[in-house]
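>>> what follows is a predicted structure for the sequence shown.
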Amino acid sequence: MKIGIVCYPTFGGSGVVATELGKALAQEGHKVHFITYSQPPRLDLFNENLFYHEVDFRNYPLFEFAPYELALASKMVSVVKNERLDLLHVHYAIPHASAAYMAKQILQSQGITIPIVTTLHGTDITLVGKDPSYEPVVTFSINQSDGVTAVSADLKKETYEYFPIVNDIEVIPNFIDLEKFKKQKKDHFKKAICPNGEMLIVHTSNFRKVKRIPDVIHVFANIRKEIPAKLLMIGDGPERGNAEKMCRELGIYEDVRFLGKLDAVEEVLSVADLFLMPSEKESFGLAALEAMACEVPVISSDTGGLPELNIDGQTGFMSPVGDVEDMTQKALLILDKNNLPRFKENALKRAQEFDITRILPLYENYYQRILEKT
Ligand code: GMT
């Protein structure tokens, strides 16, 4: 197949999923054309089946806001036409699904049919999409897509709850490349960060409000009162400054390191003992899956799609959103040397169920079904 993939070229989950999916499809022999405004960070290899088309949108003094959606739709039209694509797969509804709808109409007027598959990732539905400023466009473009997938059963349920959707939504969970995300021998790294055998706790996110960064800090501060521990904070975003301030105020700054946006997260995860994800909302929790693949148990909130990933009492524990005390007690239980090996083993076993080799065929079959019906 010749597939166009549209996504946000960011470190965020939807961009990562779209890029890894495209890379895996290319390995299977499909021709994959990425259409984005800059090179996705994980599109870092040469493969004869991978192509990249940059959306060039120019600003003009008249525009207070450059009309990216129009430039994207125009690029989709030219790539579909010139590369004779079979299907466009857009990740994140806003504005990709509506730009794809516009491109489809333009192509139709020229006698070209292009099926559109939209994958919903979470915040496009639960946070941004249901805002009245976007809702009608989101509803319309989801209903106009030829195929719609969601990354968890919970996200599918929420989409039907929030929007008058008439289309079927297929649940295809996120996946992990276990060749890349696996525990590596990085003892020297662990020794450098935890010279006295401290427990290593990790959090990865875009540091937005929805991630409840203060809960990460409080849980860590509580753990540290009981056992020697260090915290690594990976990623960056609006809450970082406040998080650093909190660490200073709580007197734990010496034991916390902010590493910023890291490419090789798997190297840090390889030496971690526990991953914290206390999010307010999380449609899937890809960062937690990455941790589990590196044999790191997870303390998460019990929100959104997290119960579909983190098995309470086995791969980690779940607590109600904001219940810092419960998260602390459960974290200490996992970090008990008698329990930790079992949790680590279970985390890996669970991650193996999301191996890309299991999930990729679901997308390929889904594309086939959409092509057959259009
Ligand atoms: O979590 C974010 O803020 C980033 C966001 C995105 O769209 O990149 O992540 C969403 O999509 C990921 C990939 O499908 C999911 O693993 C995340 O759970 C989801 N985030 C939320 O629902 C908050």
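Structure's in. What do you need?
>>> so what's Val321 up against?
Arg212, Pro278, Ser279, Glu280, Ser301, Asp302, Thr303 (Cβ atoms under 8 Å, 6 or more residues apart in numbering). All C-beta spots, glycine's among them, are computed from the backbone N, C-alpha and C.
>>> how close does it get to the ligand?
Val321 sits 12 Å away from the ligand, going by Cβ to the nearest ligand atom, to the nearest Å.
>>> one more: Ile35?
For Ile35, the distance to the ligand - Cβ to the nearest ligand atom - is 17 Å.
>>> work out for me the element the closest residue to Tyr134 other than its chain neighbours sits within.
Distances taken as Cβ to Cβ, 6 or more residues apart in numbering place Ile94 nearest to Tyr134, at 5.8 Å, with adjacent residues excluded. Per DSSP states H and E, Ile94 falls inside helix 93-109.
>>> got the CA coordinates for that helix in PDB?
What follows is helix 93-109, C-alpha atoms only, in PDB (Å, rounded to 0.1, in the frame of the first residue of the first chain):
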ATOM      1  CA  ALA A  93      -8.300  15.000  15.100                       C
ATOM      2  CA  ILE A  94      -7.500  18.700  15.300                       C
ATOM      3  CA  PRO A  95      -6.800  20.000  12.700                       C
ATOM      4  CA  HIS A  96      -5.700  16.900  10.800                       C
ATOM      5  CA  ALA A  97      -9.100  15.300  10.300                       C
ATOM      6  CA  SER A  98     -10.700  18.400   9.000                       C
ATOM      7  CA  ALA A  99      -7.700  19.300   6.700                       C
ATOM      8  CA  ALA A 100      -8.000  15.700   5.300                       C
ATOM      9  CA  TYR A 101     -11.700  16.200   4.700                       C
ATOM     10  CA  MET A 102     -10.900  19.400   2.700                       C
ATOM     11  CA  ALA A 103      -8.200  17.600   0.700                       C
ATOM     12  CA  LYS A 104     -10.500  14.700   0.000                       C
ATOM     13  CA  GLN A 105     -13.200  17.100  -1.400                       C
ATOM     14  CA  ILE A 106     -10.600  18.800  -3.600                       C
ATOM     15  CA  LEU A 107      -9.300  15.500  -4.900                       C
ATOM     16  CA  GLN A 108     -12.800  14.200  -5.500                       C
ATOM     17  CA  SER A 109     -13.500  17.300  -7.700                       C
END
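>>> list the buried ones in that helix?
Taking 16 or more other Cβ atoms under 10 Å as the neighbour-count basis, helix 93-109 is seen to contain the buried residues 93-104, 106-107.
>>> then stretch 335-354?
For stretch 335-354, by 16+ other Cβ under 10 Å, it's Leu335, Leu340, Phe343, Lys344, Asn346, Ala347, Leu348, Arg350, Ala351, Phe354.
>>> any idea how far Asn59 is from the last one?
As for Phe354, its distance to Asn59 is 41 Å (criterion: Cβ to Cβ, to the nearest Å).
>>> and if you look at the second one?
Distance check for Leu340 against Asn59: by Cβ to Cβ, it reads 53 Å.
>>> re earlier: filter the contacts of Val321 down to just the buried residues.
Using 16+ other Cβ under 10 Å, the buried members of these are Arg212, Pro278, Ser279, Glu280, Ser301, Thr303.
>>> tell me how this structure divides into domains.
Domains of the chain are assigned by automatic domain parsing as 2-175+356-373, 187-352.
>>> re the thing from before, which residues touch the residue nearest to Tyr134?
Per Cβ under 8 Å, 6+ apart, neighbours of Ile94: Asp124, Val128, Gly129, Tyr134, Val137, Val138.
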